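Student: here's a sequence, model it:
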Amino acid sequence: MTTSNYKGRSERLSLLQVMFCRLRTHQWCFIIFNIMLFHALLFGGDLLEEYFLHSLPVTYTDMKILKIREMARKLDMDPLKTNMSKSYIISSSEVCSDQEVFLLVIVCSSSENSTRRNLIRRTWGNVTGIRGYTVLVLFALGKTASEAIQLDISEESLKHGDIIEGNFLDSFENQTLKTVMSMEWTVTFCSTARFILKTNEEMFVNIPSLAEYLLSLRTHLEDIYMGKVIHHDMPDRDPQSQSFVSLSQYQEEYYPDYCSGTAFVISQDVARKIYIVAKETPVLVPPDVFVGICAKNAGIIPIQSSRFSGKKHIRYNRCCYKFIFTSSEMKDELFKEWREISDGKDYVKNIQNCLFIQDLHPANQTGKKPTKKQKTNYFCTISCRHERPPKVASVIVIN
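Tutor: Residues are numbered from 1 along each chain as shown. Predicted structure coming up:
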């Protein structure tokens with residue numbers, strides 16, 4: 001009798017184990033499907049935008065375009081360096097002289113915002129190289145009307161050696177001049193830089209991710225003008241608006257396609273072409289539009305990449321922030337998250353080490369049917385190949 005009870009209990013246990021294995025199999029299939037779907041939705045936009053949202057190709061039969069490209073190829077700024085350096089309040093003209101820079105990052109910053117510049121220096125701007133290739137981060141400023149602030153900027157420049165200060169008032173109206181100055185400085189004092197990233201001080205920039213992408217490029221290393229492409233944007237015709245553009249300043253109904261000024265990457269040859277065209281282009285439009293107009297006149301097509309956020313802020317997620325290039329509206333407190341990413345290099349080595357697993361809602365655990373709101377309220381557990389316990393974070397959806 002005892003033996004019979006034991007056999008029955010053993011059979012029931014075996015049956016439960018089989019059912020449990022089947023359940024686990026179904027769960028893992030569901031998890032893997034969700035992982036693939038999540039990555040397809042998050043990262044598939046690049047392929048779609050690259051092949052379907054790309055601007056129409058430009059044929060380089062226009063003699064004016066060909067002349068601009070030839071002038072850019074032959075451009076030699078060495079004889080002008082001495083005189084050009086005198087046109088800046090702070091030129092930092094020697095910072096590139098003794099090194100070959102792979103990625104030059106120019107951050108457009110307001111004169112009085114030294115706090116944000118220091119935050120950038122301590123966080124994402126504290127990258128000097130990737131796989132042996134030099135990365136250089138500099139700040140572009142206009143001059144200030146305050147003698148006290150100017151003294152602080154001079155001391156800041158002596159301490160860090162990363163300030164470029166132009167001889168124009170730092171104001172909203174002169175932001176296009178700041179962009180032009182950045183191009184001029186690049187082709188004059190850092191002509192060895194292979195790629196240039198122009199960005200703003202409120203942005204988060206994932207320099208390692210961007211540099212790795214640029215290092216992966218094997219062909220078509222010229223005419224690179226890449227970022228969040230803006231299509232069919234219209235000039236602001238409201239006279240009360242700060243960014244008002246009159247018909248006399250720009251007559252067309254639409255701007256040409258251009259990359260959002262929050263962050264875009266150009267190759268050295270593009271910087272040269274923009275510099276040449278900029279001399280003949282009125283500085284009467286927003287800075288990112290100005291670059292787009294110059295690019296069009298030089299026969300350069302903007303390249304779309306959804307890894308640039310444009311003006312959108314992407315909610316923090318450790319694995320996602322390992323993949324994206326930029327995120328906008330970066331608040332001071334969120335720089336703490338960068339330290340988490342930077343300090344956790346052994347914890348999260350790359351995006352492939354992260355498993356995105358759907359977290360069961362409490363309603364599912366109790367056997368109750370989840371509501372429609374609960375079904376749409378997804379969470380993911382970021383589980384990495386490490387001994388540390390996983391954390392729960394919100395799923396990021398990039399619109």
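
Student: name the nearest residue to Q175, ignoring sequence neighbours.
Tutor: P287 (4.9 Å; CB to CB, 6 or more residues apart in numbering). Glycine gets a C-beta too; all of them are placed from N, C-alpha and C.

Student: quick one: mean pLDDT over stretch 156-165.
Tutor: The pLDDT scores in stretch 156-165 average 97.

Student: and the nearest residue to S91 once chain neighbours are set aside, how many neighbours does it have?
Tutor: Spatial nearest neighbour of S91, excluding adjacent residues (CB to CB, 6+ apart): S85 at 4.3 Å. S85: 16 surrounding residues under other CB atoms under 10 Å.

Student: report the contact partners of S85.
Tutor: 91, 93, 189 (CB atoms under 8 Å, 6 or more residues apart in numbering).

Student: looking at the residues you listed, state which has the most neighbours.
Tutor: Neighbour max across these (other CB under 10 Å) = F189, 22 neighbours.

Student: dihedrals phi and psi, the residue nearest to S91?
Tutor: Main-chain torsions, S85, degrees, to the nearest 10: phi -60, psi -30.

Student: what of T192?
Tutor: Dihedral angles (degrees, to the nearest 10) for T192: phi -90, psi -10.

Student: tell me which helix or strand I106 sits in.
Tutor: strand 101-108 (DSSP states H and E).

Student: scratch that, F33 is what I was asking about
Tutor: helix 2-43.

Student: I'd say T281 and I293 touch.
Tutor: Yes - T281 lies in contact with I293 (CB atoms under 8 Å); the separation is 5.9 Å.

Student: neighbour-wise, which of the two wins?
Tutor: It is I293, of T281 and I293, that has more neighbours when counted by other CB under 10 Å, with 21 against 16.

Student: quick check, that one in a strand?
Tutor: No - looking at I293 with DSSP: H, G, I helix; E, B strand; the rest coil, it is helix, so not inside a strand.

Student: could you pull up the residues touching it?
Tutor: 255-256, 258, 281, 285.

Student: could I get those as CSV with secondary structure and distance to Q249?
Tutor: Formatted as CSV, these follow (DSSP: H, G, I helix; E, B strand; the rest coil; distance: CB to CB, whole Å):
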residue, secondary structure, distance to Q249
Y255, coil, 12
P256, coil, 15
Y258, strand, 16
T281, coil, 12
V285, coil, 7
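
Student: out of those residues, who's nearest M77?
Tutor: Checking those against M77 by CB to CB gives T281 as the nearest, at 19.0 Å.

Student: how much space separates that closest one from A193?
Tutor: Here T281 is placed at a distance of 23 Å from A193 (CB to CB, to the nearest Å).

Student: now S91
Tutor: Shown here: S91 relative to A193, a distance of 16 Å by CB to CB.

Student: quick check on I303: phi, psi?
Tutor: The phi/psi pair for I303 (degrees, to the nearest 10) reads phi -110, psi 130.

Student: apart from its neighbours in sequence, what residue is nearest it?
Tutor: Closest to I303 by CB to CB, 6+ apart is M226, at 4.1 Å.

Student: on contacts alone, who are the packing partners of the host helix or strand of the one you found?
Tutor: Assessed by DSSP H and E, M226 sits inside strand 225-230. Applying 3 or more CB pairs under 8 Å, 6 or more residues apart in numbering; DSSP states H and E, we find strand 225-230 packed against strand 258-267, helix 287-297, strand 303-304.

Student: mind redoing it with 7 Å?
Tutor: Secondary-structure packing of strand 225-230 (3 or more CB pairs under 7 Å, 6 or more residues apart in numbering; DSSP states H and E): strand 258-267, strand 303-304.

Student: so which of those strands is the most packed in?
Tutor: The highest mean neighbour count among the helices and strands packed on strand 225-230, using mean count of other CB atoms under 10 Å, belongs to strand 258-267: a mean of 25.

Student: what's the first helix or strand after that strand?
Tutor: Strand 258-267 is succeeded, C-terminally, by helix 268-278 (DSSP H and E).

Student: compute the inter-axis angle for that following helix and helix 287-297.
Tutor: 100 degrees (axes from the mean of the first three to the mean of the last three CA atoms, to 10 degrees).

Student: strands of the stretch 251-399 of the chain, start to end?
Tutor: Here the stretch 251-399 of the chain has its strands, by DSSP state E, counting those that start in this stretch, at 258-267, 303-304, 326-327, 354-358, 379-384, 391-394.

Student: worst mean pLDDT among these?
Tutor: Among the strands of the stretch 251-399 of the chain, strand 379-384 carries the lowest mean pLDDT (a mean of 29).

Student: and the strands in the stretch 51-200 of the chain?
Tutor: Along the stretch 51-200 of the chain, counting by DSSP E, counting those that start in this stretch, strands occupy 88-90, 101-108, 129-130, 133-143, 163-169, 195-200.
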